[in-house]
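Q: Sequence first, then the predicted structure:
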Amino acid sequence: MSDAPKRRKSLAWWVRWAHVYVSMIGFLALLGFAVTGLTLNHASYFEGPPGDPVEVEGTLDRAWLPEADDGVDKLAIAESLRAEHGLRGAVTEFLVDPEELLIVFKGPGYSADVFVDREAASYTLIEQARGWMAILDDLHKGRDSGEAWSWVVDVSAVLMTLTSLTGIWLLLYLKKRRGPSLWAGLAGAVTLVVIYWLAVP
């Protein structure tokens, strides 16, 4: 056997190996993103109406709220609120003005807005949890889910891309199916372009 067929055979073996194992590693991620893609596209049906927000009031330590804006103890305030009310998510906003503070906690399917009256050292907390389906949909989008989950989304995307590319590569070795399959793939791509061109506002 000449060197060229050996190289082609070796490459095909490695591509097949990569396709099988990358597919298995990424299978659950693919399934999860496929299902949540459907639920996300019909969020009003699957998520249902949001529950009623929970509103509570409380007070803060005045030492955390000095007159100078740059003296506001943001960490102490945020962690005190988190501990007192079991707040979830990350602090995505902490706005300070002379009369009021606004602290926003956000996570998948969850938000909590805290309005602080600096003079009275009191606050109003409005908490909204949207249910487990909303959590899954937000995870699909990577919304308010943190850096670690952002890596999960990126790695899943890379695995799905490798699975697709190695699958197409392997198809090229199947002489009887190569032509019809490539034409079917081309037809699918053209269909997507036509739908976008004619039907997407």
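A: All right, it came through fine.
Q: what ranges of the protein fall below the confidence cut-off?
A: Along the chain, the model assigns pLDDT under 70 to residues 1-9.
Q: Domains in it, by residue range?
A: 3-46+134-199, 54-129 (automatic domain parsing).
Q: could you point out the longest helix in the protein?
A: helix 3-41 (DSSP state H).
Q: Strands of the protein, start to end?
A: Remark: strands assigned in the chain by DSSP state E are 54-59, 90-96, 100-107, 110-117, 122-129.
Q: ok, back up a step: now render the domains of the chain as CSV, adding mean neighbour count.
A: (Glycine included, C-beta is placed from N, CA and C.) Listed next are the domains of the chain as CSV, based on neighbours: other CB atoms under 10 Å:
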stretch, mean neighbour count
domain 3-46+134-199, 13
domain 54-129, 15
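Q: tell me, what residue is most central in the protein?
A: residue 142 (1.4 Å; CA atoms, centre = their mean).
Q: Next up, the contacts around that one.
A: Shown in contact with residue 142 (CB atoms under 8 Å, 6 or more residues apart in numbering): 149-150, 153.
Q: and if you look at residue 134?
A: 43, 47, 50, 108-109 are the contacts of residue 134 under CB under 8 Å, 6+ apart.
Q: still on that earlier bit, out of the strands of the chain, which comes closest to residue 159?
A: Of all those, the one in closest proximity to residue 159, counting by CB to CB, is strand 100-107 (25.2 Å).
Q: Which elements pack onto the closest one?
A: helix 74-85, strand 90-96, strand 110-117 (3 or more CB pairs under 8 Å, 6 or more residues apart in numbering; DSSP states H and E).
Q: Who does that strand pair with, and is each partner parallel or antiparallel?
A: strand 90-96 (antiparallel), strand 110-117 (antiparallel) (DSSP bridges).
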